[in-house]
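Student: Please find the sequence and the predicted model below.
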Amino acid sequence: MSEPFDISLVQRGARLRRTPYFKATQRYGAKGYTVYNHMFFPINYDDLEVEYWKLLNDVTVWDVSVERQVEITGPDAFAFTNLLTPRDLGQCAVGQGKYVVITAEDGGVINDPVLLRLGENHFWLALADSDVLLWAKGVALNAGMDVTIVEPDVSPMQIQGPKSKEVVHTLFGDPVLELEYYFFLETELGGIPVVVTRTGWTGEVGYEIYLRDGRYGEELWERVMDAGRPYNITPTGPSDIRRVEAGILNYGADMTLENNPYEVGLGWLVDLDQEAEFIGKEALKRIKAEGVRRKLAGVEIGGRPLPFNMTKWPIYHNGEQVGFITSAIYSPRLKKNLGYANVPVELASLGSELTVFAEDVNEERPATVVRKPFVDPEKEIPKS
């Protein structure tokens, strides 16, 4: 195995937390880490394109413990959770998950978690990188509802790729194969308590295992690796190539608190007709009625392969800066540079011609607005 990454290069002191799988990620050769929800998040173990092809052809495992959970319980947990999100949770059964947004009073997106409903009044919110725990506690302080809000000892990992079904079947038997997309089961693996979900951040067939006791992190990791070896399982970091192809957004890059769901193509998560007076309802009604001024559009960017953007590249039209690229990356199978462009709504129509200044290579490139998702727009792959 590779030499461990020297974590002292990015850390001083004990403020930043390590996941239950951290030592395993070191043993298996993580080449770098970022900080996400105050925790170390492995970036990659190999070249990003190599990891991409492993995801597409075999099966990968990925430490996503940084998706910290906000757990909401208590007699008013359903009403309170429905207050946080504009998606009608009356349509979410116990044992089911939903992709949701959490909105502020002005309609801005605070986070876009996967919500799991473990009981009538028991919810988890698997979070992107922002402090929703503090937001939820602040809302609860003035909501007058009987709820308990904590961050539980829950640490997910993702098993993704076309051979992921074989791996989870080896681990959990026939019941796991009966899971429909965005449903889950509560079970155990050799005494290790887990929740297994039919979800992922890749656009591929995949599962997530939510470890419910961090003491078993390394044991669970090795059990997964043992089950996956016949299928060429490989630890990886996040595949930004695949998630951009799939039209998946990255909170903090593709949307922030400054954006509302309609601007970034997530208006389908807003149920304005429900009775619940969720936070931001009046603002979102007004935004929908008036229409948005900007949109997040898909673009193809010309020229040779581009690296994954490290900054939000400026976009020009007729010599005037009109927006910025939030994510851009080269797709090896499409042989195209793909990206998301935050532009005025009049420039978001299909076929609009733009100019991108790719700061990472110091070049101007032509760009054209195209449909997104770029691959599998009906999500037939992850549902299969």
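Tutor: Here it is on my side, so go on.

Student: rest of the way, CA atoms for contacts and neighbours
Tutor: OK.

Student: Can you tell me, leaving aside adjacent residues, what's nearest to the residue nearest the centre of the chain?
Tutor: Geometric centre of the chain, nearest residue: Trp201, 5.1 Å, by CA atoms, centre = their mean. Excluding the flanking residues, the one nearest Trp201 by CA to CA, 6 or more residues apart in numbering is Arg243, at 6.6 Å.

Student: Secondary structure class of the one you found, three-state.
Tutor: Look at Arg243: counting by DSSP: H, G, I helix; E, B strand; the rest coil, its state is helix.

Student: is it true that the residue nearest to the centre of the chain lies in a strand?
Tutor: No. Counting by three-state DSSP, Trp201 is not found in a strand; it is coil.

Student: Mind pulling up the pLDDT for it?
Tutor: We note a pLDDT of 96 for Trp201 in this prediction.

Student: That one and Leu272, how far apart?
Tutor: 27 Å (CA to CA, to the nearest Å).

Student: Same check on Val176?
Tutor: Using CA to CA, one obtains 35 Å as the distance from Val176 to Leu272.

Student: Of the two, give the one with the bigger neighbour count.
Tutor: Between Val176 and Leu272, counted using other CA atoms under 10 Å, the more crowded position is Val176 (20 against 17).

Student: Show the contacting residues for that one.
Tutor: Neighbouring residues of Val176 by CA atoms under 8 Å, 6 or more residues apart in numbering: 168-169, 185, 196.

Student: and what of Glu186?
Tutor: By CA under 8 Å, 6+ apart, Glu186 lies in contact with 193-196.

Student: Repeat that for Asp131.
Tutor: Asn37.

Student: For the stretch 101-250 of the chain, which segments are assigned as strands?
Tutor: 102-103, 109-111, 114-119, 122-126, 148-150, 155-160, 184-189, 192-197, 206-211, 233-235 (DSSP state E, counting those that start in this stretch).

Student: among those, which is nearest Pro42?
Tutor: Closest to Pro42 of the strands of the stretch 101-250 of the chain is strand 233-235 (CA to CA; 9.8 Å).

Student: That closest one: which residues count as buried?
Tutor: The neighbour-count check on strand 233-235 (16 or more other CA atoms under 10 Å) flags 233-235 as buried.

Student: again, but for stretch 291-309
Tutor: Residues of stretch 291-309 classed as buried by neighbour count (16+ other CA under 10 Å): 294-302, 306, 308-309.

Student: again with stretch 25-34
Tutor: Buried residues in stretch 25-34, defined by neighbour count with 16+ other CA under 10 Å: 25-26, 28-33.

Student: And the contacts of it?
Tutor: Contacts to stretch 25-34, defined as CA under 8 Å, 6+ apart, come from residues 1-5, 40-46, 63, 235.

Student: now, which of those sits nearest Tyr21?
Tutor: Comparing those against Tyr21 with CA to CA places Asp63 closest, at 6.8 Å.

Student: Quick check: the closest residue to the closest one other than its chain neighbours vs Ser352, distance?
Tutor: With CA to CA, 6+ apart as the criterion, Asp63 has its nearest non-adjacent residue at 4.7 Å, and that residue is Met157. As for Met157, its distance to Ser352 is 40 Å (criterion: CA to CA).

Student: rewinding a little: the residue nearest to the centre of the chain and Glu245 touch, don't they?
Tutor: No. The criterion here is CA atoms under 8 Å, and Trp201 misses it with Glu245 at 11.4 Å.

Student: how much space is there between Glu67 and Pro235?
Tutor: The value you get for Glu67 to Pro235, if CA to CA is used, is 17 Å.

Student: And for Asp273?
Tutor: 43 Å.

Student: ranges for the strands of the stretch 251-384 of the chain?
Tutor: Secondary structure of the stretch 251-384 of the chain (DSSP E, counting those that start in this stretch): strands at 294-301, 314-317, 320-331, 336-344, 353-358, 363-370.

Student: partners of the fifth one, with directions?
Tutor: I take that to be strand 353-358. When pairs are called by DSSP bridges, strand 353-358 turns out to pair with strand 314-317 (antiparallel), strand 363-370 (antiparallel).

Student: Now do it and strand 320-331, the angle between them.
Tutor: 70 degrees (axes from the mean of the first three to the mean of the last three CA atoms, to 10 degrees).

Student: neighbouring contacts of strand 353-358?
Tutor: So strand 353-358 is in contact with 301, 309, 313-317, 324-325, 363-369, going by CA under 8 Å, 6+ apart.

Student: Name the nearest residue to Cys123, sequence neighbours excluded.
Tutor: In this structure residue 123 is Phe, not Cys. Nearest to Phe123 is Arg117, by CA to CA, 6+ apart, at 4.7 Å.

Student: Mark out where each domain of the protein begins and ends.
Tutor: 7-67+153-243, 69-150, 244-380 (automatic domain parsing).

Student: need the contact list for Gly351.
Tutor: 368-370.

Student: Reformat these as CSV; add pLDDT, distance to Val224 and neighbour count.
Tutor: As requested, these are arranged in CSV below (pLDDT from 0 to 100; distance: CA to CA, whole Å; neighbours: other CA atoms under 10 Å):
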residue, pLDDT, distance to Val224, neighbour count
Thr368, 98, 42, 22
Val369, 98, 41, 21
Val370, 98, 39, 19
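
Student: Out of these, which is nearest to Glu263?
Tutor: When the contacts of Gly351 are compared for distance to Glu263 (CA to CA), Val369 wins out at 15.4 Å.

Student: Quick check: bridge partners of that closest one?
Tutor: Beta-bridge partners for Val369, by DSSP bridges, are Val299.

Student: pLDDT of stretch 371-381, averaged?
Tutor: For stretch 371-381, mean pLDDT is 96.

Student: ugh, typo on my part, it should be stretch 279-293
Tutor: For stretch 279-293, mean pLDDT is 98.

Student: what does it rub up against?
Tutor: Contacts of stretch 279-293 (CA under 8 Å, 6+ apart): 83-86, 103-108, 260, 262-263, 272, 344-345.

Student: cutoff 6 Å now
Tutor: The list of residues contacting stretch 279-293 from outside it, by CA atoms under 6 Å, 6 or more residues apart in numbering, reads 83-84, 104-107, 344-345.
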